[in-house]
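A.B. asks: Fold the following and give me the result.
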Amino acid sequence: MVGTQLSARDFFRAAYENRYTWDQHFPGYSADVTFNHNGTTYTGQIKVSADLKPEINGIDDDAAQKAIHGQLFEVSIHRVRRKFEDTHGNNTFTYGETLSDGAVEILMGGKATGDKYQVHHNEVSMVHRHIHGVVVTIHTHSSHNTGEGYLSHRYDSVYHDPKTGEQKGGFSTFEDEYEKVGDYHILSRRSIETRTDDGKDLQEFIFSNIALLDAA
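C.D. replies: Purely as a prediction, here's the structure:
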């Protein structure tokens with residue numbers, strides 16, 4: 001059992017620190033964007049500043065702008081390098097069960113009581129977190145090793161009501177592709193398929209001509 005060698009905290013910390021993040025010198029970037037949504041295509045330009053603020057130009061449709069902005073913001077948040085203690089210093093960690101595929105469950109206590117994770121091959125392969133009044137569950141099915149940490153490639157997410165367990169919204173599957181530009185891996189494509197009772201919603205975000213901004 002893993003616990004005979006490492007505490008649950010240290011076991012989870014190793015996977016946390018194995019995520020790919022941008023360093024403090026990240027200058028930001030610009031790109032052309034093509035957003036396909038259920039057969040409708042929008043094209044424009046985006047910029048993500050060094051402090052990770054997204055900007056979209058050339059697209060007038062408010063819903064399309066919001067969708068692109070949301071994805072850029074979400075990607076940037078996950079690239080921020082935060083110290084483990086800053087994120088999890090108030091949490092406690094205990095081992096849960098070991099799954100048939102070898103993934104090890106980590107149960108959270110303290111500030112994050114009720115949250116849980118699974119760690120497989122030094123990567124966080126499942127996240128179950130209470131956030132903004134809902135519970136989000138994310139399973140990662142494949143990943144890409146950059147040599148400086150891993151990036152999720154295929155994964156899915158679903159939201160539930162924390163009190164009733166009722167599903168909120170659809171079940172979404174994601175596929176991400178990255179391009180190395182200079183010293184940094186930057187999202188070049190993301191597809192999202194969301195299944196609801198009303199059918200499928202298909203979104204694809206393509207980022208091309210990616211260029212780092214000149215550092216000030």
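
A.B. asks: Show me the contact partners of the longest helix seen in the chain.
C.D. replies: In the chain, assigned by DSSP state H, the helix with the most residues is helix 62-79. When contacts are defined by C-beta atoms under 8 Å, 6 or more residues apart in numbering, helix 62-79 is touched by residues 19-22, 26, 33, 35, 37, 42, 44, 46, 48, 52, 54, 56, 59, 187, 190, 203, 205. C-betas here are computed from N, CA, C, even on glycine.

A.B. asks: Run the chain-centre distance for it.
C.D. replies: Taking the mean of its C-alpha atoms, helix 62-79 sits 12 Å from the chain's own mean (C-alpha atoms, centre = their mean, to the nearest Å).

A.B. asks: Same check on stretch 5-15?
C.D. replies: Between the mean C-alpha position of stretch 5-15 and that of its chain there is a distance of 21 Å (C-alpha atoms, centre = their mean).

A.B. asks: same question for the longest helix of the chain, mean pLDDT?
C.D. replies: Mean per-residue pLDDT for helix 62-79: 96.

A.B. asks: Mind listing what's buried along it?
C.D. replies: Neighbour-count burial for helix 62-79 flags A64, Q65, A67, I68, H69, Q71, L72, V75, S76, R79 (criterion: 16 or more other C-beta atoms under 10 Å).

A.B. asks: With stretch 38-50 instead?
C.D. replies: Applying a neighbour-count criterion of 16+ other C-beta under 10 Å, the buried positions in stretch 38-50 are Y42, G44, I46, K47, V48, A50.

A.B. asks: re earlier: and the contacts of helix 62-79, which of them are in strands?
C.D. replies: Residues from the contacts of helix 62-79 lying in strands, with DSSP state E as the criterion: 33, 35, 37, 42, 44, 46, 48, 54, 56, 187, 190, 203, 205.

A.B. asks: circling back to that earlier point, can you list the buried residues of stretch 38-50 in a markdown table and add pLDDT?
C.D. replies: Below are those laid out as a markdown table (pLDDT from 0 to 100):
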| residue | pLDDT |
| --- | --- |
| Y42 | 98 |
| G44 | 98 |
| I46 | 98 |
| K47 | 97 |
| V48 | 97 |
| A50 | 94 |
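
A.B. asks: could I get the residues you listed as a markdown table with distance to T146?
C.D. replies: Listed next are the buried residues of stretch 38-50 as a markdown table, based on distance: C-beta to C-beta, whole Å:
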| residue | distance to T146 |
| --- | --- |
| Y42 | 29 |
| G44 | 28 |
| I46 | 22 |
| K47 | 23 |
| V48 | 18 |
| A50 | 20 |
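
A.B. asks: ok, so of the residues you listed, who is nearest T98?
C.D. replies: Compare each of the buried residues of stretch 38-50 with T98 using C-beta to C-beta and the shortest gap goes to V48, at 39.1 Å.

A.B. asks: right, and that closest one touches Y29 too?
C.D. replies: Yes - when contacts are counted by C-beta atoms under 8 Å, V48 is listed as touching Y29 (5.6 Å).

A.B. asks: Give me the helices and strands touching the worst-scoring helix or strand of the chain on mean pLDDT, please.
C.D. replies: Of all helical and strand segments in the chain, the minimum by mean pLDDT, DSSP states H and E falls on helix 84-88, at a mean of 92. The criterion is 3 or more C-beta pairs under 8 Å, 6 or more residues apart in numbering; DSSP states H and E, and the helices and strands that helix 84-88 contacts are helix 8-16.
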